[in-house]
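A.B. asks: what's the 3D shape of this:
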Amino acid sequence: MQLIHAIVLGVVEGLTEFVPVSSTGHLILAGSWLGLDADPARKAAVDAFDIVIQAGAVLACLVWYFPLLRARAAQLQATDEATRLRARNLLYSMVVAFVPVMIVGLAARKAIKAALFGPAPVAWALAVGGVVMIATDLAFRKRPRTKTLDDMGPVSGLKIGLIQCFSLIPGTSRSMSTMIGAMLSGFDTKAAADFSFLLAIPVLGAATGYELLKEWPVLARDIGPAAMAVGLATSFLFGWLSIAGFLKLIAKVGLLPFGLYRIGLAAVVWFSLLR
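C.D. replies: Predicted coordinates:
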C-alpha cells in the first residue's frame, strides 16, 4: 500500500470512528474511490487494514479518558459504599455491553466481510441509519433524559450491548448504535457519548487484536509495516481531535445533522459508485 493511501485511510478512520456516521462504512467507500478494491486479493488486505488501524483510535480514546478511568479505578477501593458501587456498575456495564457484540462478531465475521463490505450495503445502512437517527433526535428532543454516567448499570449495559450488535453491519456505526441505545435507556446526550467512547476501548481493541492475529500474513505482504504504522499514527491523531470536537458539538446540535449527513452521503454513493 502506498503511504498516501495509508494516510487518507488513517484520517478517515480517526475522524469518523467516534462520530455516528460509520467509520467502517467510510473506509470502504474511501477504498473504492481510491481504487483499492479493484483486485480481490488486495481488497482483502485493505479490509483487514481498515480494522487494524482502529487501534490508533482506541489509543486516542484511552488518552482522552485516562483521567476518568484512573478516577473510577481509585473509586473501586473507596471507603464509601455508594462510591464503590458506582464504579463497579460502570465496569460491569461495560463488560455486559461488550459480550453480545463479541459473540455475534466472532460468529458472523466471515459472512459480514464477504457479503457486506461493499459500497451498496454501506449506502443502504447509511440511509437507514440516518432515518433512525433523525427519528430518534426528534422523538427525544423534548423528552427528559436525566441519567448520567453514574447511573449506568448492568441492565442498561446489556440493552446497549444488544443494540450495538447492529453496528457489525458496515455503514451502521458503532457510536450511533450505542448512543441510541443509551438514549433509549434515559441517559443524557453527554453520558451516551461518554459510554459509547469508553465501550470503544474493549470492543475495538478486541476486534483489532483478533484481525491482526488472523490476517497478519496478508497485512505484512500486501500492506507493509510502514503503511500500517502511518495509518495507526494518523488514526490516533485525528481520533483524538474527533473526540474533542464531537463532545462539544453533540451537546449543541444533537443527532439530527449527522442523520442528514448520512442520507446525503448515501445519495452521493449511489450516484458516484453504483450507477
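A.B. asks: Let me see the ranges of the helices in this structure.
C.D. replies: For the chain, the helices defined by DSSP state H cover 3-16, 23-33, 40-52, 54-75, 81-116, 119-140, 154-164, 174-184, 189-222, 225-253, 256-272.
A.B. asks: And those helices: which comes nearest T146?
C.D. replies: T146 sits nearest to helix 189-222 of all those, at 9.5 Å, using CB to CB. Every C-beta, even on glycine, is put in place using the N, C-alpha and C of the backbone.
A.B. asks: Report the angle between the closest one and helix 225-253.
C.D. replies: Helix 189-222 and helix 225-253 are oriented at 160 degrees to each other (axes from the mean of the first three to the mean of the last three CA atoms, to 10 degrees).
A.B. asks: what's helix 189-222 packed up against?
C.D. replies: Applying 3 or more CB pairs under 8 Å, 6 or more residues apart in numbering; DSSP states H and E, we find helix 189-222 packed against helix 40-52, helix 54-75, helix 81-116, helix 154-164, helix 174-184, helix 225-253.
A.B. asks: got the buried residues for that helix?
C.D. replies: Across helix 189-222, burial judged by 16 or more other CB atoms under 10 Å covers 189, 191-208, 210-211, 215, 218-219, 222.
A.B. asks: and of the helices of the chain, who's closest to T148?
C.D. replies: Closest among the helices of the chain, once you apply CB to CB, is helix 189-222, at 4.9 Å.
A.B. asks: what's the average pLDDT for the closest one?
C.D. replies: Averaging pLDDT along helix 189-222 gives 88.
A.B. asks: Next, the angle from it to helix 40-52.
C.D. replies: Between helix 189-222 and helix 40-52, the angle comes out at 140 degrees (the same axes, to 10 degrees).
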